[in-house]
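Peer 1: With the input below, show me the fold.
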Amino acid sequence: MKEIIAIIRPKMMSKTKIALGNMGVDSITAYAAYGRGKQRGIAEEVDIAYRPHVLDEAAHRRMKYVPKRYLAMVVRDSEADEVVKTLIQTNQTGQIGDGKIFVCPVDDALRIRTKETGDSSLI
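Peer 2: Below you'll find the model as predicted:
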């Protein structure tokens, strides 16, 4: 089993949920999250023509954290590549801030109600 963690734009949440549901991945945990990548937030454009006294460094104010959605799901090993491919196709805009995907191994899973373990606990 694999845990797939995806950090995506909030506006892509509905589209992502539909795409994953269409491929049979209905069990998703989602959180509202805030973070930043190597750009350290979104640059705010300041028109230097109207404010020539603003120094270049000050012309780009940055947000500390950017709103995102954190999705986590556990899938069978055989489904992991297809889930990642779907996440990329659904969320890739080519712009900074499209997000990240992490794929982590899962040793075991247990459904508390029925005590099922492994792949059978995922269905």
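
Peer 1: where in the protein is pLDDT low?
Peer 2: Confidence mapping of the chain against pLDDT under 70 gives the ranges 40-63.

Peer 1: mind listing the helices for it?
Peer 2: 13-22, 56-59, 77-91 (DSSP state H).

Peer 1: Need the ones you listed in TSV (columns: distance to Tyr65).
Peer 2: C-beta here means a position set from N, CA and C on the backbone, and glycine is covered the same way. Shown next, in TSV, are the helices of the chain (distance: least, C-beta to C-beta, whole Å):
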stretch	distance to Tyr65
helix 13-22	18
helix 56-59	20
helix 77-91	19
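
Peer 1: Quick one: closest of these to Arg69.
Peer 2: Closest of the helices of the chain to Arg69 is helix 13-22, at 5.0 Å (criterion: C-beta to C-beta).

Peer 1: quick one, that closest one and helix 77-91 angle?
Peer 2: Following axes from the mean of the first three to the mean of the last three C-alpha atoms, to 10 degrees, one obtains 150 degrees for the angle between helix 13-22 and helix 77-91.
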